[in-house]
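1. structure here, sequence nowhere to be found:
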């Protein structure tokens, strides 16, 4: 699973002969502004930070003071979207961001209700979501938890209602809900289970074309002998032409089977 933008904190300390340095931070916009403490320039004239850029654009923030606010609200950034901030400052000093946590939220929520049924419909209700971050619905199959659906969270206080659909596998289906933070951290809550009589997913492997054909469109993984997932996706077939010869595990539906690529 691809990760969301994570926090990056870089102090590009330039050589003594340089007149400037830069601090760069990045994260997710959550509707709040950043507060900056701005030291006096070491030579006693002016202040340390002299320019702020948000997503590459110079801001109109009043940086010529001991403390100022980076007004993220004025840049029209959608909640939950990435934000990159660059503070240019003079050598020999550095500004300090006091509340960096407002763009690097950690996952967290209270689960009020979580239901799933054999048709593949899943419902849940949350409250007090800490940050506008995605929910990832996971299903236990192939001996592990597998991501099956991702939905953007709404964030904020009060209750939030969600509904989604996934494709059940034959037999027992076990689901859980996770909240995904910018650094890949997960808040895991809830579990729902039901039994489905969905048709089993089967496959055929054609050695000549080096193609696996599934009995229907399905989520799949191809895993090598070392346990590394080398191919994954959702579809009716998958081509193994570019894989090395050897034995592979094919995960699809509720089953896991092996093939040998010659």
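-> Great, that's in hand. Since we're looking at a predicted model, the values are computed, not measured.
2. mind showing which ranges of this structure have poor pLDDT?
-> Screening the chain residue by residue with the criterion pLDDT under 70, one finds the ranges 1-20.
3. quick one: the helices in it?
-> Listed from the start of the chain, the chain has no helices (DSSP state H) to report.
4. chain neighbours aside, what residue packs nearest to residue 260?
-> The shortest distance from residue 260 to any residue that is not its chain neighbour, by Cβ to Cβ, 6 or more residues apart in numbering, is 5.2 Å, and that residue is residue 247. Any C-beta I mention is one placed from the backbone N, CA and C, and that applies to glycine too.
5. what about the longest strand in this protein?
-> In the chain, with assignment by DSSP state E, the single longest strand is strand 211-223.
6. quick one: the residue nearest to residue 260 from residue 240, how far?
-> As for residue 247, its distance to residue 240 is 12 Å (criterion: Cβ to Cβ, to the nearest Å).
7. of the two, who's got more company?
-> The neighbour comparison of residue 247 against residue 240 (other Cβ atoms under 10 Å) goes to residue 240, with 21 against 10.
8. burial count for the residue nearest to that one when sequence neighbours are not counted?
-> With Cβ to Cβ, 6+ apart as the criterion, residue 240 has its nearest non-adjacent residue at 4.7 Å, and that residue is residue 210. Close neighbours of residue 210, defined as other Cβ under 10 Å, add up to 15.
9. now residue 178
-> Residues near residue 178, counting by other Cβ under 10 Å, number 20.
10. cool, and residue 69?
-> Counted with other Cβ under 10 Å, the burial measure for residue 69 works out to 13 neighbours.
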